[in-house]
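> Task: produce atomic coordinates for the following.
(chains A and B)
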Amino acid sequence: MTLPCCTIDGEYFQPFKLEGEDADRWISSAGPGLKRIEFLVPQANRPEAMAQIETDLPALDGVDSARVNLTGRRVAVIYREGEIEPQALIDRLGVLGYMARPFDPRETGLTKDDREGGRLLRALAVAGFAASNVMLLSVSVWSGAEDATRDLFHWLSAMIALPAVAYAGRPFFYSAVNALRLGRVNMDVPISLGVLLASLMSLFQTINGEEHAYFDASVTLLFFLLAGRYLDHLMRARARSAIAQLVSLSSEGATVIAADGSRRYVPAREIKAGMTVAVAAGDRLPADGLVSEGISDMDRSLLTGESAPEAVRPGSAVHAGELNLTAPITVEVMAAGNDTFLSELVRLMSAAEQGQSRYIQIADRLARFYSPAVHTLAAATLTGWLVLGMGWHASIMAAVAVLIITCPCALGLAVPAVQVVASGRLFRSGVMIKDGAALEKLSGVDTVIFDKTGTLTKGEPQLVSPLMVSTETLTLAAGLARASKHPLSQALVREAAKRGLTPLTVTDIAEHPGLGLSGLYQGEKLRLGSRAWCGLEESPEDKGLLEFAFRRGANTPAVFQFEDALRPEAAETVARLKQMGLAVHLLSGDREAAVSRVAAAVAIDTAVSRASPQAKLAYVDALSKAGKKVLMVGDGINDAPALAAGYTSMAPSSASDIGRTAAETVWMGESAAAVAEAVKVARRTQRIAKENFALAVGYNVLAVPLAMAGLVSPLVAAIAMSTSSIIVIANALRVGLGEAPRATAPGAKSGEADTARLRRAA
Amino acid sequence: MTGLLYLIPVALFLGGLGLAAFIWSLKAGQYDDLEGASWRILQDDDEPKP
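Numbering: from 1, shown residues only, chains lettered A, B, ... in the order given. You can find the predicted model right below:
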């Protein structure tokens, strides 16, 4: 092992190694002789970091410029080819205390999102430009321009409005055509129809030199609707980029040992059956296989929910996602493609997803009634006016006026505006909602199922007994434990640090996988590990606690007992959820004793232990079949199928990749309070969205009779539409009112969590 | 009314200028890092280089 060069908060880490032919895919050209590379730097979350990196990196020879993106925590560096190697940049960032990892926006699908956002924003700008200019001309017409002047203004409006509608209306036209092709109706159908008819009728009026033209209505409508659409996009893009960042942090590879003994770093997706991979202590396994060399302990909590590590030796089966704790091992990869444990779970997941009927958002549900109703009204107006003998021209005008006035402007804004404000508020408290549907579903849940390890608990053990341990014993044990990555060893070191103790220096430390640690202190032999390792009898009863024994010389061994500590506010969160009228269950793969301990601590009555991924899925399915709307909260690989099967799902940001991908909502930070907060905000959001619908529909109830009676002039239409939109937006802003609890130390905390993840990955 | 002959083109030109400026700023990536931009203005990096 090479010596680490770099520290964050006094802890050493190994900078990322840019190796193999694969290195080229991070690098792009930036002009003659210039290359561009982008790094993901989770610690670059403060303005001081931005200043430091931007002054320090360009001081290196061969670096042209460095620019930090504080929002995305990325650094883009442009350097002169041949004068400096990208690895030197990573190392330099490491020396400064930043853990950098090359970043490829294509890898996370972010570029597609950016393009979509750019298109909407351009359309919004064009519609805004057209709306302001056409409105200028329309106001002149309303204030009394006549004859030739009015015709001139109408022609000018047409020249601005028609291209603008053709350009800015495309998102709606495409979506409406797609819906109609599938035989469905969405909100975009009446929108497209209203906008197109308003433009065409106004053109017709202009050609005939008539008085009323609705160009201003059609472009203003587009402007408001595009604003709603862009807000909707922003919300999804924000959550997606945050999640993509987490994912790209952990998309790792493994060191493959070739037949000739040479070692090569290969990205995880290129690993195939038959390869031999070396897994260092502290690394996660990249694939399923059999241990061929070495003895170690595996942390399988992400897979099984079991918090106690398991010993493995040559011949033991190991699975992707397990964390190698004590010693380096080599693994012969057995399963590739469809045979891995992971892909078995992925199959279960997709089956579970298919079983779910696609959720239809409230706006689209409304569209099913709205469009036919509106079109019937327009047709009724047309026939009514014809029957009354008003002539074709006047009748068509009245019918089109109905379509324009009912164009769901406020409806198109009502939901996105509320959801954006709500997701912004949740984002500040550390909750990322993947889309609006997730928010709507969250408001409807009546049952919450928690996983235990890593979800209700932190997934890291804490010393609970004996609390009255002598300082000397603890400092000695911690000195020995410092050398190990075993979760219990790290818990001992943390405990010592918490009490302000400095671990003593222990020499000749050796790790004995499956047993424990041994070392020397002033000639005395020390041992830390299982009861057997220290010469103790196994305890007959299982209290659901994890244990480490410690022996000094020939003294009687001391037994440290550990418990997987609850997340902060776990009990309060369960209480709050119950108070909101939700049923709360606990569903875990861990031992019965451990599960019932946690269930008692947070006051959950319904607890299931030793549940396999299949059993978890079946449990959630059974509840769904019984008509319950289940919010599944879990983090592990073993929870993924259940997450996909739930009505909706949440995962902490510390969850496995597959867990985070399966969940519809991800929360950052330690505290479990985010779960209750998300449900609360979602319910409030849904209530305000419904109010907004009532307002929008109420406006139509008033305006439609006027339009049917032929009393709606372009001026009335413009005023009615703008007012209803503004009222709806003002109402939406109410979601953001009131105290939004912040995530436990935002930014800094999540940065630390990311750092911890990276450290494990590096 | 003759004022209209030049006022309308002027209004449209100015509006178009604003639109072009916005689209340029969008293309130039000025909206990519809204958080960083708000801090960047406070940085004292505009002293003349020695």
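> Pull out the buried positions in stretch A:65-80.
The neighbour-count criterion (16 or more other CB atoms under 10 Å in any protein chain shown) identifies A:66-80 as the buried residues of stretch A:65-80. No exception for glycine: its C-beta is placed from N, CA and C like everyone else's.
> and A:A380, what helix or strand is that in?
Using DSSP states H and E, A:A380 sits within helix A:362-387.
> Counting by contacts, list what that helix packs against.
Applying 3 or more CB pairs under 8 Å, 6 or more residues apart in numbering or on different chains; DSSP states H and E, we find helix A:362-387 packed against helix A:188-207, helix A:392-405, helix A:409-428, helix A:673-708.
> Can I get those in CSV including mean pLDDT, mean neighbour count and distance to A:S656?
Rendered in CSV, the data for those read as follows (pLDDT from 0 to 100; neighbours: other CB atoms under 10 Å in any protein chain shown; distance: least, CB to CB, whole Å):
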stretch, mean pLDDT, mean neighbour count, distance to A:S656
helix A:188-207, 87, 22, 38
helix A:392-405, 83, 21, 51
helix A:409-428, 79, 25, 22
helix A:673-708, 87, 20, 18
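> of all those, which lies closest to chain B?
Put simply, out of these the one that sits nearest chain B is helix A:409-428, at 12.7 Å, with distance taken as CB to the nearest CB.
> mind checking how far A:F550 is from A:T556?
The gap separating A:F550 from A:T556 is 10 Å, by CB to CB, to the nearest Å.
> Same drill for these two, tell me which one is more crowded.
Under the neighbour definition other CB atoms under 10 Å in any protein chain shown, A:F550 and A:T556 were set side by side, and A:F550 has more, 25 against 10.
> Let's verify the more buried one: helix, strand, or coil?
When states are read from DSSP: H, G, I helix; E, B strand; the rest coil, the local structure at A:F550 comes out as strand.
> Please apply the same query to A:D508.
Under three-state DSSP, the three-state class of A:D508 is strand.
> now the host helix or strand of A:M721 against helix A:392-405, angle please.
Element membership of A:M721, judged by DSSP H and E, is helix A:714-732. Interaxial angle, helix A:714-732 versus helix A:392-405 (axes from the mean of the first three to the mean of the last three CA atoms, to 10 degrees): 10 degrees.
> what does the average pLDDT come to for helix A:714-732?
Here the mean pLDDT over helix A:714-732 is 82, rounded to a whole number.
> What ranges does chain B have for its helices?
Assigned by DSSP state H, the helices in chain B fall at B:3-27, B:34-40.
> So which of those is the most surrounded?
For the helices of chain B, the largest average neighbour count (mean count of other CB atoms under 10 Å in any protein chain shown) is found in helix B:34-40, namely a mean of 15.
> by contact count, what packs against it?
Short answer (3+ CB pairs under 8 Å, 6+ apart): helix B:34-40 packs on helix A:47-56.
> so after the helix it packs on, what's the next helix or strand?
strand A:63-69.
> Can you classify A:V277 by secondary structure?
Three states are possible here, and by three-state DSSP the one that applies to A:V277 is strand.
> pretty sure it contacts A:P286?
Yes. The pair A:V277 / A:P286 is scored as a contact, 6.3 Å apart, by CB atoms under 8 Å.
> so what's the backbone phi/psi at the closest residue to A:V608 other than its chain neighbours?
The shortest distance from A:V608 to any residue that is not its chain neighbour, by CB to CB, 6 or more residues apart in numbering or on different chains, is 5.0 Å, and that residue is A:L587. According to degrees, to the nearest 10, the main-chain angles of A:L587 amount to phi -130, psi 110.
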